[in-house]
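J.: Structural data only, the sequence is not supplied:
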């Protein structure tokens, strides 16, 4: 469910999900709200007035008389209806209201991307089918598998894709026991086949149709992150991420390729990234109290080198002219065969690559934002350890790629960190006081700055004249307080990024 | 190439392959030729006169004057053209020619079955494709696999089955190296898919299209035997057989099922039959000087219990009412996954079963003799450790099965043996003298009697009045010499079979 918020006096409107945090909503809409503590409810600065509509809010250290006047702490409020919110004017020491110039840019947090993307239909490649089969008798003693096939045929009388295939020899080994333990009431896990019809990849006792989980993994050169999705509705149930275990073998893709050609190097690199994925799976499963074998499908995207290493393919030809990948469209793979802790039948879909240095990660991004469906020309930028830029629309698309280094994932930045809890991911500056508005992931006390935080900070510093187009600090700003602030920023921000 | 032989004075004609042994040809045609030594060229009894046509023959111990008169030893002669052969009359001690009554039945050796079956087209499920690909350049640096796919598309411009799938992750691991080692000249091994199109299951450097081997294995409860077939023309290149290693776990299928339910029993039984198959593969490969990984496809047939055990499926429900197999139509399986020494991509086709006690062996037999294509009603009997009888035609078919014991594979028979070199497989009695005509496999000195030899012997004894319809010996025969012979037979033949 979506609600519309109007922020006064700037008269900026934003559409957000019901339950969204109000400080987040303001930050995403580019509305400056005084907020120092990252959204922790400690500083008490982010007071707003709820003119119309309803928020759910925690009083915390707010004075009773402010509460009664309709003041709420934005960081402790969630959106419950359409809202009209007044952000109080800041005043100078002399009591004069500070003017705010209208924003020319907007920053968008990673989580707000879906509003940009538009809607998706949930149509996963796996589905479940519950069957209550007739028990065999002497008059009807066809084989167990034929009985299952008959049940499917009865469930889909109009199905035209032919009799399903099935995983073997695994599936038929446990089918008879599952049928008899469950008194012939079973749930089949079906995989849609490219050529039509489907394939039975698992059978479970009883009705398990309510549990259908998919795992999406971004295999970055520096960071891997995974989300577990409820495939019945597309909802994200849990997330986890970690540094790619291959980092110890080299920070960039070229050094990984070099490492892969050492004796045992390729195998080691494959095991390391698989280990990272397994840790992500473990964390997600521990959080949701499910088993890794409950995961029915896995999609992953990575650059061409990461994809090759995950599959155990020698990446050496990627580095030598004419830069040829072994394979660019990866077939469905049984993840367990790669060493991933998963059901033996769970399939891994790996996003296809375009070329040696335009990988599945950028393809996945282009796919997700649906720019290939639009007649408008879009610009898509994916900055990780490798950076790619795509421009195009439904008719054409061009891409350039370069090495960006690990800065955006915390590497080489004094207070840099990955985009995990406590990372500053959104940031605004009051245009006159230079007071910061800091929003962290999970709205707790800031513990560092992640990649989107860095971009947000640099953008705000540039827009407010604190740094120039070359990324140099403007030392001619005259307010002592601002000067002090700038010295602080110089200290915090990493030169490798800005310069 | 086929040739017609006319045997005089009985005027029996037979059509045989060029190169067939003349003694064999006579035995298969039901023509009695005096032959004691099994076809070894030692006894010198099997003299015939070549009236017309040409044989290739060894003179051995034949007198020069006989040779000059056109006498040849049938056991040392091979058919080179259409022939007219006179079999000399036998004479009594008094010099009187012995009359021969015309035969009412004919025995057929296993190898002559193909004459009964009719013709088959050679259309194997695997094929090879030789490609000379263009080397990649900076202007044309698609992935290795895409280059292969493009080559296939150019080779089959009219192909409608869609882009081939391929085995993974194995194939893509070695594809890049094979392409570069072979200077982009490769041979693909293609597997025809049920749903149309094909799947790449192997890639080899250079042009290997002349080598395409298939292995057929009969998995009997007592005996396993395999033949290696040249899939380009259907020719059998080598054969091997051995006792099923499971025998140590029980002689019949019921005791195997019982054994399978011991701890580790199922795994042990699977390993034992796989070990037997591996020995057969080793022997065949050693004979032909090829590698097991050169075998491109494998077809096997066995009864339902043997099929379950080979796949590692628990057979216990086969023994309990209502006698339900786990699976009756087996999917293509990678043989290496079962432990068979073979190329990792080699597929095993296992003939489908009809029911718990009507297995893939009988289906394979019915398929091979093509009785399901005929409007005439045929009777098909497969007697192994289990015996099955099928009667029917293209419209209907019924089958009954029973336990036959291991007698036909040498079990419980004093001089019983498997159908290997030296086994008596064809036998006739001179109707008046009761002199035997003995033909052994490979025409060497007899070392025992195999199943078809037993049937041949019993049929001859019955037809000539030595035993009666109940299988009892007729003790009222009056010639002392014959009496002596019969006593010998009583000693040799196994009562469990005849009574």
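T.: Alright, I've got the coordinates. Source: prediction; values computed, not measured.

J.: what sits against residue A:151?
T.: With contacts defined as Cβ atoms under 8 Å, 6 or more residues apart in numbering or on different chains, residue A:151 is in contact with A:131, A:133. Placement of C-beta: from N, CA and C, glycine included.

J.: A helix includes it, no?
T.: Yes. Residue state for residue A:151 (DSSP: H, G, I helix; E, B strand; the rest coil) corresponds to a helix.

J.: where's it relative to residue A:162, distance?
T.: 16 Å (Cβ to Cβ, to the nearest Å).

J.: just residue A:313 next, same as before
T.: 32 Å.

J.: Check whether the nearest residue to residue A:467 once chain neighbours are set aside sits in a helix, strand or coil.
T.: Spatially, and ignoring its direct neighbours in sequence, residue A:467 is nearest to residue A:461 (4.5 Å; Cβ to Cβ, 6 or more residues apart in numbering or on different chains). Following three-state DSSP, we place residue A:461 in the helix state.

J.: So for residue A:461, what's the pLDDT?
T.: Model confidence at residue A:461, given as pLDDT, is 84.

J.: cool, and residue A:6?
T.: For residue A:6, pLDDT reads 91.

J.: how about it, what does it touch?
T.: Per Cβ under 8 Å, 6+ apart, neighbours of residue A:6: A:12-13, A:83-85.

J.: how close does it get to residue A:53?
T.: Counting by Cβ to Cβ, the gap from residue A:6 to residue A:53 is 9 Å.

J.: got any residues that touch both of the two?
T.: In contact with both residue A:6 and residue A:53: A:83-84, using Cβ under 8 Å, 6+ apart.

J.: Which members of the contacts of residue A:6 are classed as buried?
T.: For those, a neighbour count by 16 or more other Cβ atoms under 10 Å in any protein chain shown gives the buried set as A:12, A:83, A:85.

J.: mind putting these in a markdown table, pLDDT included?
T.: Putting the buried ones among the contacts of residue A:6 into a markdown table (pLDDT from 0 to 100) gives the following:
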| residue | pLDDT |
| --- | --- |
| A:12 | 85 |
| A:83 | 93 |
| A:85 | 92 |
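
J.: can you redo those residues as JSON lines with secondary structure and distance to residue A:474?
T.: Putting the buried ones among the contacts of residue A:6 into JSON lines (DSSP: H, G, I helix; E, B strand; the rest coil; distance: Cβ to Cβ, whole Å) gives the following:
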{"residue": "A:12", "secondary structure": "strand", "distance to residue A:474": "27"}
{"residue": "A:83", "secondary structure": "strand", "distance to residue A:474": "37"}
{"residue": "A:85", "secondary structure": "strand", "distance to residue A:474": "33"}
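
J.: From those, pick the one nearest residue A:412.
T.: Residue A:412 has its nearest neighbour among these in residue A:12, at 35.4 Å by Cβ to Cβ.

J.: Might you report the residue contacts of the closest one?
T.: A:6, A:29-31.

J.: Next one: it from residue A:33, what distance?
T.: Here the criterion is Cβ to Cβ. By it, residue A:12 lies 12 Å from residue A:33.

J.: Can you verify my assumption that residue A:394 contacts residue A:376?
T.: No. If you go by Cβ atoms under 8 Å, residue A:394 and residue A:376 don't touch, sitting 9.1 Å apart.

J.: which one of those two has more residues nearby?
T.: residue A:394 (13 against 7; other Cβ atoms under 10 Å in any protein chain shown).
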